[in-house]
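**Q** Quick one, what's the 3D model for this:
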Amino acid sequence: MSFQAYLDKVETQTGLTPRQFIELAREKGFDETTKASVVRDWLKEEYGLGHGHAQAMVHVILKGPKISSAHVGKTGSHGDASDTLWLDGKDSNPNA
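**A** Reported below is the predicted structural model:
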């Protein structure tokens with residue numbers, strides 16, 4: 001599953017876009033200094049996310065939309081189209 005696919009699945013499951021999760025996390029006082037485990041546990045407890053999906057959200061909440069280019073342009077299920085994740089909803093993604 002590509003990184004973007006993880007985020008899209010979270011949106012399907014929760015009805016919230018990644019950008020909305022970032023806003024909710026900021027309202028809770030989470031920022032780049034917050035431990036990943038704290039954010040991950042919040043996502044799992046409050047929204048019922050599995051470990052992998054929570055970890056994907058932790059990345060965008062704490063580090064932003066940029067990802068490693070290691071899988072960009074690769075074929076197969078782990079390839080992403082871009083090194084910048086789309087955070088504003090899967091249905092409005094111009095790269096989809």
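**Q** gap between the closest residue to Y47 other than its chain neighbours and K90?
**A** Distances taken as C-beta to C-beta, 6 or more residues apart in numbering put T14 closest to Y47, at 5.2 Å, once the chain neighbours are dropped. C-beta here means a position set from N, CA and C on the backbone, and glycine is covered the same way. The gap separating T14 from K90 is 12 Å, by C-beta to C-beta, to the nearest Å.
**Q** And for R40?
**A** Counting by C-beta to C-beta - R40 and K90 are separated by 22 Å.
**Q** swap in G79?
**A** Counting by C-beta to C-beta - G79 and K90 are separated by 17 Å.
**Q** Check L7 too.
**A** The value you get for L7 to K90, if C-beta to C-beta is used, is 8 Å.
**Q** same thing with Q55?
**A** Distance from Q55 to K90, by C-beta to C-beta: 19 Å.
**Q** Quick check: which element contains the residue nearest the centre of the chain?
**A** Against the mean C-alpha coordinate of the chain, by C-alpha atoms, centre = their mean, the closest residue is M57 at 3.3 Å. Using DSSP states H and E, M57 sits within helix 51-63.
**Q** can you list contacts of stretch 18-35?
**A** Applying C-beta atoms under 8 Å, 6 or more residues apart in numbering, the contact partners of stretch 18-35 are 7, 10-11, 16, 38-39, 42-43, 57, 60-63, 65, 85-89.
**Q** Assign Y6 to helix, strand or coil.
**A** Put simply, Y6 is helix when judged by DSSP: H, G, I helix; E, B strand; the rest coil.
**Q** and it, what does it touch?
**A** 52-53, 56.
**Q** Please list only the buried members of those.
**A** For the contacts of Y6, a burial check counting by 16 or more other C-beta atoms under 10 Å picks out 53, 56.
**Q** Show me what counts as buried in stretch 81-92.
**A** Neighbour-count burial for stretch 81-92 [16+ other C-beta under 10 Å]: 85-87, 90.
**Q** swap that for stretch 24-44, please
**A** Buried, per 16+ other C-beta under 10 Å, within stretch 24-44: 24-25, 30, 34, 39-40, 42-44.
**Q** what's the most distant pair in those?
**A** Taking C-beta to C-beta as the measure, the buried residues of stretch 24-44 reach their widest spread between T34 and K44, a distance of 15.0 Å.
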